[in-house]
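[1] predicted structure and sequence below. I'll ask about it afterward.
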Amino acid sequence: MTIIDRITDTVRSLIPGGARKNKQKSGDDFESLKKEVTIDDHKITLEELVQRYETNIEQGLSSEKARQLLEKNGPNALTPPPEVPEWVKFAKLLFGGFSGLLWVAAILCLIAYGVQVGTDPTTPKDNLWLGIALIVVVFITAIFAYYQESKAGKIMESFKKMVPQQAVVLRDGHKVEISAAELVVGDIVFVKIGDKTPADIRVLSSQSFKVDNSSLTGESEPLARSPDCTHDNPLETKNLAFFSTFAVEGACTGMVIRIGDETVMGRIAALASGLGTDISPLNVEINHFVHIVTAVAVTFGIIFLIILLAIGTGVLRAIVFVIGIIVSNVPEGLLATITVMLALTAQQALGSVSTICSDKTGTLTQNRMTVAHLWLDGAIAAVNLSHTHDAELAFENPLVDPKTGEETKIVKPDRPGYQALLRCAMLCAKAVFKPDEENMSKPPLQRTVQGDASETAILQFGEIVHGQVEDYRAKNKRVCDIPFNSANKYQVSVHETNDGDERHLVVMKGAPERILERCQKIFINNTELDLNDEWKQKFNDAYMELGGLGERVLGFCDLRLPLGNFPRGFNFDPDNVNFPLRGLRFLGFITMIDPPRPGVADAVAKCRTAGIKVIMVTGDHPITAKAIARGVGIITSDTAQDLAKRLNISPDDVDPRDVRAIVVSGAELAELSSQELDEVLTLHPEIVFARTSPQQKLIIVEGCQRQGWIVGVTGDGVNDSPALKKADIGISMGITGSDVSKQVADMILLDDNFATIVTGIEEGRLIFDNLKKVIAYTFTKNLVELLPFLVYVVADVPLALSTITILCIDLGTDIVPSISYAYEGIEADILKRPPRKKTDKMVTSQMVTLCYGQIAMVEASGAFFAYLVVMAENGFWPSRLIGLREAWESTSVNDLRDSYGQEWTYEQRHNLDLAAQTAYFIGVVILQFANLYGNKTTRRSVFQQGIFSNRFMIFAIFFTIALACFLLYVPTLNRALNLAPNRFLWWLPAIPFFFYLFAFNEARKFFIRKYPGRYPSRQLTY
């Protein structure tokens, strides 16, 4: 989501309709989408499958049968959600909330002006200009909000991009290419490398077929597909390929079993577009503020309308008064202020997060496999690779040379066991660097590689520690190759080596247990030893230790073929293998892991300090997920399994309350009820969910929200889109994120780094604090603008502030100072505070009493004092003004006496009125500067924070003074705004009140620091 989208999301909070949920599905349908996929098409026999879908594997469907099914079931396409007409969207944004109040005020202004002109054509146009100004404000607000387009439509458009356009299908016994939308269940389709799977299919036959399921699972490792059912869960079995997933290797023939909305991808699309657009935490707070202001404005308006009518005031005059009440209560400039502040600081939403559900791959980790350990000569060696310094290889425990007795910890390049393992690894791997000049000029770890993740890691490792891997392969010619397959779980190649040995070299890599069972010897300290039970046990210990760290383990072995039986030029047959694949020599194994990103562990620790719970939600294996979680600090204590192993008891005997950490697999999560999930979430501070489906990610987010937590979710794949949409703050990855995930998210993480989220949380908390300061600053001024109207009615004195002048304050002199809060720095260790609760409000009762009951009263006193000084200097003492309103405003009274007996005409009184109202206006402007500095900090003294630390605030003060002078001293403009060019001395009466208010705020914050938590402190802060 762009900054504009985020801004307009907030703007919609000020408009009705913008905050409502968009329900796309009925309740029952939507709940069914959240359940796991339950099909048995992968488990039944091929004969049953053919019978179920009435098809023929050899001939395919007939064209007539396909046409009938297409008419019956519809096209193989995603159904878009219903769209709201654009004019309806705009109409909803144009009325209600603050805009609704301003519409009421504008219409009343125009009506009042029309009635006044009807009775007296010479009536001033004040109400006309005021009405027009209010309408302009309303339209600008609506135009801002209109930028927010329908998210659901965007989501479906992104899903449509993933849909394959064409498909090769068997119809009437012939292969034909048709539009993918025309596929029907029972069709026999052909998928090859580079294609998108055109529907959910059952694999009938395959040739080294692999698919990229990252759009569904979030894990980018290619997965082999074969005709064999390997798991009851349809998402785990190997004989199903899913709609829109990429074929990255080989080819297959499959039968269509699901199309369109019924596919797994279709269910995710419906789930994401069917979720309502929840209101963000900030928008909830602004809604609350809108409700308070609306209630105050309507209440005061109705009360004083009744009072005015009761004391005999004319209906027209009463209406004009109600307009003043509404305009003085509605902060017309708040929209513009928040818009600019959100544009300056886009991370505001993150500040409210109390729980983060983070994806693993690419967010917590680097999304690239890297060699982590070697096992050679019977010992584990750690590998540290970097593009900035040389590789470091060191045994975890010093190794004793059996001949010399010397201890060694460093793995030396000339160590025979290391050389043999490295040679085998480099020759087995087929991955190559992308051959362009720019790519090859980069360090090996940063180069783009053509090949799968494991081979990429081996190639980069070899390039760093040996160099010129591809040249080395070329010098050791490959004469035979048996590709890896899921049945054998190994890959073999035969080479002619250039080391002076004429014998062919067989090298093999694969699953360590499969490699070990094909070996008779093991290469230890430059000696071939029998692979006896002792060495097998050592192998198993190391395998379990490194596998338990979540590392992917590959075993390696080799064999020199007898020259007599296999001379140079021998014709090796990879299909009918004519060379030995048993009796090999075991060399060791290499482990790889997707390493944590630098800084993530520190970021997780900061989250803990800030009271934020970090939950890992991944599609990866539980062991790998747990290992990464330990590495980054998400898990810091024993799980039930760890505790049981340490105490030598059954995991079932461990009381869940005794363990802080838990790892929950997708299969276990599927068995949990909502209540049991709630117990897991509340009972364990450290949680990892592994092997989760898209539906389960959504269920986890909903579970967190049931606890009252404000949930942030990170994700990059289509599988993450429902959870991203449901989260309070959805965070998509900018680099690896799909279009769908970016559009449903509330923000995009440009560097895909979890550590950046923590920086965003800090920034978000700061901007929330600063927005709160803006609200307090605005709230105070509202009462100062309202009081002249109240005194006008209660004390029957001339009006001290006109409605058009109120707009000069709200849309003029107050805007830039409000925006200056966006540049205010952190005043304390912001990440040591606990996160806000959903029940915590931005506008609290303490804020209302402080702003209205204390600060506003000081401001109003200063402004009224300035008003009364001007009146008194011209002969009207305060006692003379009481009860003078009716005579003062009468155009027929031209001999009104002041306190000294001087007579005043209506025109003279009007000019004096403008001068006195201008003094009130100047008083508000000056005292708002004291209010500006009073809200600069919540606890610290402004002298500690630095009076000049916020340079934009200094600029705002000078700008506001210049703007006030412009409004006062430009002829014609000042008369239109009911202002007068007051002399300099009339700027001064409010100055003492400025210093008093400044001192009051400093004393208030001193009490807050001195007596934190006590009643006076709680009442003096917000």
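    Yep, that arrived. Numbering: from 1, shown residues only.
[2] OK, contacts around residue 428?
    458, 491, 493, 507-509, 556 (C-beta atoms under 8 Å, 6 or more residues apart in numbering). In this view, the C-beta of every residue, glycine as well, is placed from N, C-alpha and C.
[3] separation between it and residue 922?
    Separation of residue 428 from residue 922 (C-beta to C-beta, to the nearest Å): 83 Å.
[4] repeat that for residue 121.
    34 Å.
[5] which one of the contacts of residue 428 is nearest to residue 861?
    residue 458 (78.4 Å; C-beta to C-beta).
[6] neighbours of that closest one, how many?
    The local packing of residue 458 (other C-beta atoms under 10 Å) involves 25 other residues.
[7] confirm that it sits in a helix.
    Yes - secondary structure assignment places residue 458 in a helix (DSSP: H, G, I helix; E, B strand; the rest coil).
[8] which residues touch it?
    371, 425-426, 428-429, 431, 554, 590, 592.
[9] mind running it again at 7 Å?
    371, 425, 429, 590 (C-beta atoms under 7 Å, 6 or more residues apart in numbering).
[10] then residue 292?
    So residue 292 contacts residue 843 (C-beta under 7 Å, 6+ apart).
[11] what about it, which SS state?
    helix.
[12] dig out what residue 616 forms beta bridges with.
    residue 358, residue 688 (DSSP bridges).
[13] how much space between it and residue 626?
    For residue 616 relative to residue 626 (C-beta to C-beta), the value is 9 Å.
[14] ok, now residue 489?
    Per C-beta to C-beta, residue 489 is found 24 Å from residue 626.
[15] same deal with residue 760?
    27 Å.
[16] the residue nearest to residue 823 when sequence neighbours are not counted is in what secondary structure piece?
    Closest residue in space to residue 823, ignoring its immediate chain neighbours: residue 952 at 4.2 Å, by C-beta to C-beta, 6 or more residues apart in numbering. Following DSSP states H and E, one finds residue 952 within helix 951-969.
[17] who's in contact with that helix?
    Against helix 951-969 from outside (C-beta under 7 Å, 6+ apart): 808, 812-813, 816-817, 820, 823, 918, 922, 925, 929, 932, 948, 973-974, 977, 979, 981-982.
[18] inside strands: which ones of the residues you listed?
    If you go by DSSP state E, the contacts of helix 951-969 have nothing in strands.
[19] hey, C-alpha coordinates of stretch 541-550 in PDB?
    Extracted in PDB, the C-alpha atoms of stretch 541-550 (Å, rounded to 0.1, in the frame of the first residue of the first chain):
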ATOM      1  CA  ASP A 541      25.200 -38.700  16.200                       C
ATOM      2  CA  ALA A 542      26.500 -35.900  13.900                       C
ATOM      3  CA  TYR A 543      23.500 -36.300  11.600                       C
ATOM      4  CA  MET A 544      21.000 -35.900  14.400                       C
ATOM      5  CA  GLU A 545      23.000 -33.000  15.900                       C
ATOM      6  CA  LEU A 546      23.100 -30.900  12.700                       C
ATOM      7  CA  GLY A 547      19.700 -32.000  11.500                       C
ATOM      8  CA  GLY A 548      18.300 -31.000  14.900                       C
ATOM      9  CA  LEU A 549      19.600 -27.500  14.200                       C
ATOM     10  CA  GLY A 550      17.200 -27.300  11.200                       C
END
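[20] list of residues touching it?
    373, 375, 380, 512, 553, 591, 593, 623-624, 626-628.
[21] which of the residues in it are buried?
    542-543, 546-547, 549-550 (16 or more other C-beta atoms under 10 Å).
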